[in-house]
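Undergrad: I'd like to go over a predicted model; first the sequence, then the structure.
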Amino acid sequence: MDTQLILLEGLAGSGKSTLGQVLTGMIGRAGHTVQFLHEFDRRNPTQAEAGLEFDRWREQVRDRWRQLIDDITANPSAVTLIDGALLQCPVAEALEQGRQPKEIRDFVDELAAPLASLRPVLIYLHQEDVEQAVRQTYAERESSWQKKVESYLADTPFGKQHDRGGFDLYVELNRQLRTACDDLMGRLGIHTVSIDTSDPDWPAIHRQVTEQMEIPYSWPEVGSEPAGTYDAGEGRHCLEILPAGVALLLVGMYEQPRALIPGLPDQYFVNGKPSEVYLLRDDGGVISRARFVDRTGGDFGCVGIKQ
């Protein structure tokens, strides 16, 4: 593996965070110092000051990228994986603010130019049917996330330019985002591994990516550490399951993972509420779903677990 920077790109819900967690574990087990900056990590360059006018936000993102490049360069033996910081977030923000294609291209070129010394690899997760991909994302995320996204988007220049709203407006944004990202990748000059995650076979995808990037393929001993994630709380809480399907772990982005005994309830805090999680098996005996139950009387419902 001859890179210091792995860029994970794709639409929301395409599997970037899942793959990033898996690769981080494999790279670490191969003996490398490694860090994964998910989309909402404060160190991610796109997590600039909120509420800025676009041109000022663009300057902050550019400056934060330069600082991150300096930090990575200072530790040449380490590997950094980063979620959505070159294409997804910058291009989406530019589209939402009504910026024209040339300005978007110039913005991304400006971010990409200093990366060459890090020998970056871009992993692009894409789906052929954008509307179906958005529907899947909606099904997996909380209604509060849906409402927040739709409300924000309706009030942007992009939203005001279109005679639609809600789900349809978000689909249109993602269609334009997908088209823009496809066009931009052809001009970046960055080695790209492109993966179709329309109907993902994650074990096969893990094999494909690790072989192309010459990362030793490995999984932890059952119960020793998490491998693969399912976002269950707007980027803050994840369900993690080992490939053997016999041990489930819960992890918060700012908390230590805790192993659970399959089939038995255990207490955990979900979005700040004390809750229990029940692991539900399918007919084949494999853990396939989990139910969060709020101890104060509410029910978070079931969420699927991606393996």
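TA: Perfect, I can see it now. Numbering: from 1, shown residues only.

Undergrad: give me the helices and strands touching the helix or strand where W145 lies, please.
TA: Using DSSP states H and E, W145 maps to helix 143-154. If contacts are counted by 3 or more Cβ pairs under 8 Å, 6 or more residues apart in numbering; DSSP states H and E, helix 143-154 sits against helix 166-188. Glycine gets a C-beta too; all of them are placed from N, C-alpha and C.

Undergrad: ok, back up a step: now do the helix or strand just after the helix holding W145: which elements does it pack against?
TA: Counting by DSSP H and E, the element after helix 143-154 in chain order, helix or strand, is helix 157-160. Under the contact definition 3+ Cβ pairs under 8 Å, 6+ apart, helix 157-160 sits against helix 88-96.

Undergrad: quick one: the helix holding W145 to helix 166-188, angle?
TA: Here the directions of helix 143-154 and helix 166-188 differ by 70 degrees (axes from the mean of the first three to the mean of the last three Cα atoms, to 10 degrees).

Undergrad: report the angle between the helix or strand D55 falls within and helix 88-96.
TA: Element membership for D55 (DSSP H and E) is helix 54-73. Between helix 54-73 and helix 88-96, the angle comes out at 170 degrees (the same axes, to 10 degrees).

Undergrad: mean confidence score for helix 54-73?
TA: Averaged over helix 54-73, pLDDT sits at 95.

Undergrad: and it, C-alpha only, in CSV?
TA: This file holds the C-alpha atoms of helix 54-73, laid out as CSV (Å, rounded to 0.1, in the frame of the first residue of the first chain):
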residue,chain,number,x,y,z
PHE,A,54,-20.3,30.4,0.7
ASP,A,55,-17.1,32.2,-0.4
ARG,A,56,-15.9,32.4,3.2
TRP,A,57,-16.8,28.8,3.8
ARG,A,58,-14.9,27.8,0.7
GLU,A,59,-11.8,29.7,2.0
GLN,A,60,-12.1,28.0,5.4
VAL,A,61,-12.4,24.5,3.8
ARG,A,62,-9.3,25.2,1.6
ASP,A,63,-7.3,26.4,4.6
ARG,A,64,-8.4,23.5,6.7
TRP,A,65,-7.4,21.1,3.9
ARG,A,66,-3.9,22.7,3.7
GLN,A,67,-3.5,22.3,7.5
LEU,A,68,-4.5,18.6,7.3
ILE,A,69,-2.1,18.0,4.4
ASP,A,70,0.7,19.5,6.6
ASP,A,71,-0.2,17.3,9.5
ILE,A,72,-0.3,14.2,7.3
THR,A,73,3.0,15.1,5.6
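
Undergrad: got the angle for the helix or strand just after it vs helix 88-96?
TA: Remark: after helix 54-73, the chain's next helix or strand is strand 78-83, criterion DSSP H and E. Angle, strand 78-83 to helix 88-96, by the same axes, to 10 degrees: 30 degrees.

Undergrad: just checking: what are the partner strands of strand 78-83?
TA: If you go by DSSP bridges, strand 78-83 pairs up with strand 5-10 (parallel), strand 33-37 (parallel).

Undergrad: touching, L7 and I82? I think so.
TA: Yes. Here L7 reaches I82: they are 6.0 Å apart, a contact under Cβ atoms under 8 Å.

Undergrad: how about low-confidence regions in the stretch 151-300 of the chain?
TA: Along the stretch 151-300 of the chain, the model assigns pLDDT under 70 to residues 219-300.

Undergrad: make it 80
TA: Within the stretch 151-300 of the chain, the ranges that satisfy pLDDT under 80 run 200, 202-203, 218-300.

Undergrad: who touches the closest residue to V79 other than its chain neighbours in this structure?
TA: Excluding its sequence neighbours, the residue lying closest to V79 (Cβ to Cβ, 6 or more residues apart in numbering) is V34, at 4.7 Å. In this structure, V34 makes contact with 24, 27-28, 78-81, judged by Cβ atoms under 8 Å, 6 or more residues apart in numbering.

Undergrad: please identify the buried residues of the helix holding W145?
TA: Neighbour-count burial for helix 143-154, counted by 16 or more other Cβ atoms under 10 Å, picks out 145, 149-150, 153-154.

Undergrad: equivalent analysis for stretch 98-117, please.
TA: Buried residues in stretch 98-117 (16+ other Cβ under 10 Å): 99, 104-105, 107-108, 111-112, 115.

Undergrad: for Y124, helix, strand, or coil?
TA: strand (DSSP: H, G, I helix; E, B strand; the rest coil).

Undergrad: burial count for it?
TA: 21 (other Cβ atoms under 10 Å).

Undergrad: you'd agree it is up against T192?
TA: Yes. Applying Cβ under 8 Å, one finds Y124 in contact with T192, separated by 5.7 Å.

Undergrad: which neighbours do those two share?
TA: M185.

Undergrad: what comes into contact with stretch 112-122?
TA: Residues beyond stretch 112-122 that count as contacts (Cβ under 8 Å, 6+ apart) turn out to be 2-7, 9, 65-66, 69, 72-73, 86, 185, 188-193, 213.
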